[in-house]
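Visitor: Sequence first, predicted coordinates after that:
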Amino acid sequence: MRKFKIPSIPPTTNKSIRFPNDVINAVEKTIKGKDCTFSAFVVEAVRVALENLEED
């Protein structure tokens, strides 16, 4: 399993999704002061999750 790294801002396509407030707050706290957007963080988390599923 690869380690999660906070990503730089990649090129993206706009999508709308609802998140629980506690998840939003936790992500925003984690990326505060870093060169990372909320969207970039979520995209990297999804990529890691998909890779983990493929390994299983």
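Guide: On my side now, so go ahead. Not measured: the values here are computed from a predicted model.

Visitor: What average pLDDT does the one helix or strand residue 50 maps to get?
Guide: Secondary structure assignment for residue 50, by DSSP states H and E: helix 38-55. Per-region confidence: helix 38-55 scores 91 on mean pLDDT.

Visitor: in that helix, what's buried?
Guide: 39, 40, 41, 42, 43, 44 (16 or more other Cβ atoms under 10 Å). For the C-beta atoms, the positions are set from N, CA and C on the backbone; glycine is no exception.

Visitor: likewise stretch 14-29?
Guide: Within stretch 14-29, the residues that qualify as buried are residue 27, counting by 16+ other Cβ under 10 Å.

Visitor: first vs last residue of it, how far apart are they?
Guide: 22 Å (Cα to Cα, to the nearest Å).

Visitor: Same check on stretch 13-31?
Guide: Using Cα to Cα, one end of stretch 13-31 lies 20 Å from the other.

Visitor: Please tell me the pLDDT value assigned to residue 35.
Guide: According to the model's per-residue confidence, residue 35 sits at a pLDDT of 92.

Visitor: List the residues that contact the nearest residue to it once chain neighbours are set aside.
Guide: With Cβ to Cβ, 6 or more residues apart in numbering as the criterion, residue 35 has its nearest non-adjacent residue at 5.9 Å, and that residue is residue 8. Contact criterion Cβ atoms under 8 Å, 6 or more residues apart in numbering gives 35, 36, 40 as the residues in contact with residue 8.

Visitor: Distance to residue 56 added to these, as a markdown table?
Guide: Putting these into a markdown table (distance: Cβ to Cβ, whole Å) gives the following:
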| residue | distance to residue 56 |
| --- | --- |
| 35 | 32 |
| 36 | 27 |
| 40 | 25 |
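
Visitor: hmm, who's touching stretch 31-45?
Guide: Under Cβ under 8 Å, 6+ apart, the answer for stretch 31-45 is 4, 5, 6, 7, 8, 9, 10, 12, 24, 27, 28, 30.
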